[in-house]
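> A structural model of the following input is requested.
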Amino acid sequence: MLPLLDGLRLPTTKVLLTTETFSSRVLPPLACSFAIAYLVLLPRTQPVRIALWPITAILAFRAATSLDMSMGQPDLTFLNMQLQISMFCIAARALDWTVQAKPFIRMARRSSTDVAKQNLMLDTIDLICNPRGCGWDWSQGLYIPPETHPTSSRLAFATSVLVSGLKHSFLCGALHSAVKSFSPNTFGSVDGGTIFDDSLPPHLRYLRSSIIATLCAFTFYSLLQAGYEITIVICVLIFRQHPDQWPPSFDSPWRATSLREFWSRRWHQWLRRTFIFFGGNPLYLLFGRVGGVMGPFLVSGFLHHLHVLPYDPSSEMWRMMLPFGMMGVGMVIERAVSGNKTGGWIGWMWTMCWMVLWGNVLVDGWARTGLLGGSSAFDSATPVRQPIERLVRTFDEYLHAISRKR
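Okay, the predicted model is just below:
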């Protein structure tokens with residue numbers, strides 16, 4: 001009993017990443033999460049899941065707060081961010097699985113020979129690695145974007161996805177370099193700083209910040225796409241999974257003609273169930289439809305606040321909660337004004353203006369923590385980085401030259 005209690009004791013200081021600390025801090029919550037995921041596929045296991053979840057949550061919190069994945073290097077702080085978000089998702093999804101009274105059922109199965117059969121271990125792995133719930137009975141209402149890659153064979157599919165992944169990797173590096181070049185010594189570095197340049201008049205200041213926010217949006221879109229597509233290639237070619245198990249995550253978000261379409265169909269739905277479980281359902285019970293709309297965005301804002309804490313523990317929560325909360329407010333306004341008929345070029349203009357308006361606040365919150373200033377492999381591998389940096393600096397100098405003439 002004492003060794004178990006020692007393992008659950010919360011640490012007071014962080015330890016560096018080693019094989020030993022990884023085994024003692026990261027593997028235990030992963031093992032508990034796997035056990036709960038396995039049990040939720042079996043009947044009459046809820047009491048065991050209820051007993052196991054608090055241990056899982058404590059171990060996940062312990063891993064998130066006690067392990068320094070960055071090895072003390074500021075440029076690697078993103079590893080601590082990924083660890084904290086991963087542990088939050090482990091505890092959150094495990095709670096979702098714990099409260100389920102009936103077992104989850106996997107509706108569609110694909111083995112390496114494309115023969116449908118039940119395998120609890122494979123189903124458990126799929127449940128853990130499939131947050132959208134594609135092919136599961138609990139994902140009703142989930143929108144799956146149409147497939148854009150050839151599915152005639154695994155090789156053709158993986159080749160097409162690989163080309164797309166390389167394209168998005170290039171775009172991510174190029175766009176990130178452009179963002180940092182606007183202010184290399186402030187938000188373009190790990191020291192951080194605001195995207196709002198007080199030396200410019202308001203109209204040029206917000207034009208500049210809106211360009212930065214838009215570039216950041218496409219940077220993160222490209223980063224998420226590249227990571228997802230590289231994972232697809234590995235799983236399809238090495239683990240022999242079927243292309244049907246890896247549907248697209250995005251559906252051209254820039255084409256959205258309403259906020260509802262953007263967030264429910266065109267942006268990724270990876271954490272859809274978690275946001276609804278923790279935010280949508282409770283607030284719907286308290287405040288009705290408006291609460292059901294606002295809840296997921298507030299949970300998303302809290303999760304994004306966790307994103308920035310490894311970079312700046314003193315970061316103010318409102319900098320993430322406000323812009324995400326206003327996405328919910330925008331959807332409520334949209335529904336009240338036009339019902340479900342928002343669309344066309346007017347709908348597109350409304351959607352993009354609202355996104356850019358509050359995107360300024362969101363990206364400024366990121367920039368102040370130094371999140372935008374970190375380096376990545378995509379940056380160093382971008383062959384056009386120097387021309388992009390010169391182009392951005394020239395444009396920035398042009399804006400300041402205009403302001404001085406006034």
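> what stretches of the stretch 201-350 of the chain score poorly on pLDDT?
By pLDDT under 70, the stretch 201-350 of the chain contains no weakly predicted segment.
> Would you list the phi and psi of the spatially closest residue to Leu237 that is not a sequence neighbour?
Counting by CB to CB, 6 or more residues apart in numbering, Leu237 lies nearest to Ala158, which is 5.0 Å off, once chain neighbours are set aside. In short, each C-beta sits where N, CA and C put it, glycine included. Backbone geometry at Ala158, expressed as degrees, to the nearest 10, gives phi -70, psi -40.
> Skipping its backbone neighbours, what lies nearest Arg265 in space?
Tyr143 (4.7 Å).
> helix, strand or coil for that neighbour?
Following DSSP: H, G, I helix; E, B strand; the rest coil, Tyr143 is assigned to coil.
> and it, what does it touch?
The contact partners of Tyr143, taken as CB atoms under 8 Å, 6 or more residues apart in numbering, are 251, 264-265, 269.
> count of residues packed around the residue nearest to Gly295 when sequence neighbours are not counted?
Spatial nearest neighbour of Gly295, excluding adjacent residues (CB to CB, 6+ apart): Gly279 at 3.1 Å. Using other CB atoms under 10 Å, Gly279 has 23 other residues around it.
> Return the residues in contact with Gly279.
294-300.
> would CSV of these with distance to Leu95 be doable?
Conversion of the contacts of Gly279 to CSV gives the following (distance: CB to CB, whole Å):
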residue, distance to Leu95
Met294, 21
Gly295, 16
Pro296, 16
Phe297, 20
Leu298, 17
Val299, 13
Ser300, 17
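> can you give me the strands for the stretch 251-400 of the chain?
Read by DSSP state E, counting those that start in this stretch, the stretch 251-400 of the chain holds no strands at all.
> actually the stretch 101-250 of the chain, not the one I typed
Counting by DSSP E, counting those that start in this stretch, the stretch 101-250 of the chain contains no strands.
> the helices in the stretch 251-400 of the chain, which residues?
Using DSSP state H, counting those that start in this stretch, the helices of the stretch 251-400 of the chain run over 259-261, 272-275, 281-287, 289-308, 318-338, 344-369, 377-380, 385-405.
> still on that earlier bit, any of the contacts of Tyr143 buried? List them.
Neighbour-count burial (16 or more other CB atoms under 10 Å) is assigned, among those, to 251, 264-265, 269.
> Of these, which is the nearest to Val384?
Asp251 (27.9 Å; CB to CB).
> and the closest one, what does it touch?
Contacts for Asp251 (CB under 8 Å, 6+ apart) come out as 143, 145-146, 265-266.
> tell me the domain ranges of the chain?
Following automatic domain parsing, one gets these domains for the chain: 7-129, 154-405.
> so what's Thr274 closest to, chain neighbours aside?
Distances taken as CB to CB, 6+ apart place Ala92 nearest to Thr274, at 5.2 Å, with adjacent residues excluded.
> do Tyr228 as well
Leaving aside its chain neighbours, Tyr228 sits nearest to Ser249 (5.4 Å; criterion: CB to CB, 6+ apart).
> Check Ser264 too.
Of all residues not flanking Ser264 in the chain, Tyr143 sits nearest, at 6.5 Å (CB to CB, 6+ apart).
> can I get the domains of the chain in a markdown table with distance to Gly135?
Converted to a markdown table, the domains of the chain look like this (distance: least, CB to CB, whole Å):
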| stretch | distance to Gly135 |
| --- | --- |
| domain 7-129 | 4 |
| domain 154-405 | 7 |
